[in-house]
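1. how would this look folded up:
(one chain, ligands or ions: 1)
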Amino acid sequence: MKTILIVGGSKGIGKALVNTLKVDHNVIVMSRTEIASKANTKQYLLDVLKDELPEIDVLNGLVYCPGSINLKPFKRLTSEDFIEDFNINVLGAIRVLKKYEKSLSTQNGSVLLFSTVATQMGMPFHASVAVSKAGVEGLVKSLAAEYATKIRFNAIAPTVTNTPLAARLLRNEKQQEAMKDRHPLKQYLEPTEVASLAAYLLSDKAKSISGQIFPIDAGMVTLKI
Ligand SMILES: NC(=O)c1ccc[n+]([C@@H]2O[C@H](COP(=O)([O-])OP(=O)(O)OC[C@H]3O[C@@H](n4cnc5c(N)ncnc54)[C@H](OP(=O)(O)O)[C@@H]3O)[C@@H](O)[C@H]2O)c1
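-> So this is what the prediction gives:
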C-alpha cells in the first residue's frame, strides 16, 4: 500500500482526503488537533510551523493543507498579516518539503499544494492571501521542473469550500445562498469534491501531470453568464 502524508488531515479538505485515501492507502496525518478515526491512519500531533518533524523514510505522496482566508481592506492589512499568511501558506509547505523531499524522491512521489481562485481573478480584500498563494503556485512550478523525473508537484485552486476555514463566509442560509449566487454554476464546493481531484492527482493515473494548477471554481474565474 502506498503511504501518503497529509499535513492538515484533521479538518476540511484534508479530512475529506483522509477518508477517501484510508480505504487503500497508509495515511499519515499531521495536525494540532486529534482525528477521530484511526483505521489505516497514523497521526502526529504537531504544529507544522514550529515543532520538530518526525523521520518518515518512505513517502509516495505529500499533501499540504494548512492555509488562510484573511480578508481585509488593503489599508487594514499589516505587514504582520502578510508575514503570517506567507508563513502558513508558503514557508510551512517549504519546511515540510525540505524534510521529506528525499523520502518522496526515492518513490517517484507526488506532492499536492493548495492555491485559490484569487490568484487568477482580482478580488477586493484578498491582497494578502493572493500574495501567498501566488507564492505557492510559483513553488509548484519551480519544484516540478527541478524534480521533474523524481517528484510530481501540482496544486488545486478551489473557490469557496464548505470547511472550518470558510465558516465565516458561510455563517447562515442568507450568506450561503448569496455565495452560491456569486458562482455561475450556482454552488460553492464541498470538501469531498476537492478531495476527489486531490486523490486523482496523487495517483499513478496522473503520472504525466506535473507543474499544473487546477482550478475548481464553479465557473467563478472562467465563465461569464
Ligand atoms: N475553504 C476554502 O474556501 C478554500 C478556498 C480556497 C483555497 N483553500 C485552501 O485549501 C487548503 C485547505 O483548506 P481547508 O478549508 O480545508 O482548511 P481548514 O479547514 O482550515 O483545514 C486546515 C487543516 O490544516 C491544519 N493546520 C492548520 N494549521 C496547522 C499547523 N500550524 N500545524 C499543523 N496543522 C495545521 C488544520 O488542523 P488543526 O487545526 O487540527 O491543526 C486542518 O486540519 C488551504 O490551503 C486553503 O487556503 C480553501
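2. what is the lengthiest helix in the chain packed up against?
-> Ranked by residue count and defined by DSSP state H, the top helix of the chain is helix 127-146. Packing partners of helix 127-146 (3 or more C-beta pairs under 8 Å, 6 or more residues apart in numbering; DSSP states H and E): helix 79-86, helix 92-105, strand 110-114, strand 152-158, strand 212-216. Just so you know, the C-beta spots here come from the backbone N, C-alpha and C atoms, and that holds for glycine as well.
3. and the angle for the second one with helix 79-86?
-> It refers to helix 92-105. 20 degrees (axes from the mean of the first three to the mean of the last three C-alpha atoms, to 10 degrees).
4. can you check the last one too?
-> Strand 212-216 and helix 79-86 meet at an angle of 100 degrees, taking the same axes, to 10 degrees as the criterion.
5. start the count at 14, not 1, going forward
-> With 14 as the first residue, the last one maps to strand 225-229.
6. just to revisit the earlier point, list just the one of the helices and strands packed on helix 140-159 that sits closest to the ligand.
-> Of all the helices and strands packed on helix 140-159, strand 123-127 sits nearest to the ligand, with 3.5 Å by C-beta to the nearest ligand atom.
7. name the residues that touch the closest one?
-> With C-beta atoms under 8 Å, 6 or more residues apart in numbering as the test, strand 123-127 has contacts from 26, 73-78, 80, 106, 110, 117, 146, 149, 152-153, 156, 164-171, 211, 214-216, 219.
8. in the sheet, who's paired with the residue positioned nearest the centre of the chain?
-> The C-alpha lying nearest the average C-alpha coordinate of the chain belongs to Phe127 (C-alpha atoms, centre = their mean; 3.1 Å). Beta-bridge partners of Phe127, counted by DSSP bridges, are Ile169.
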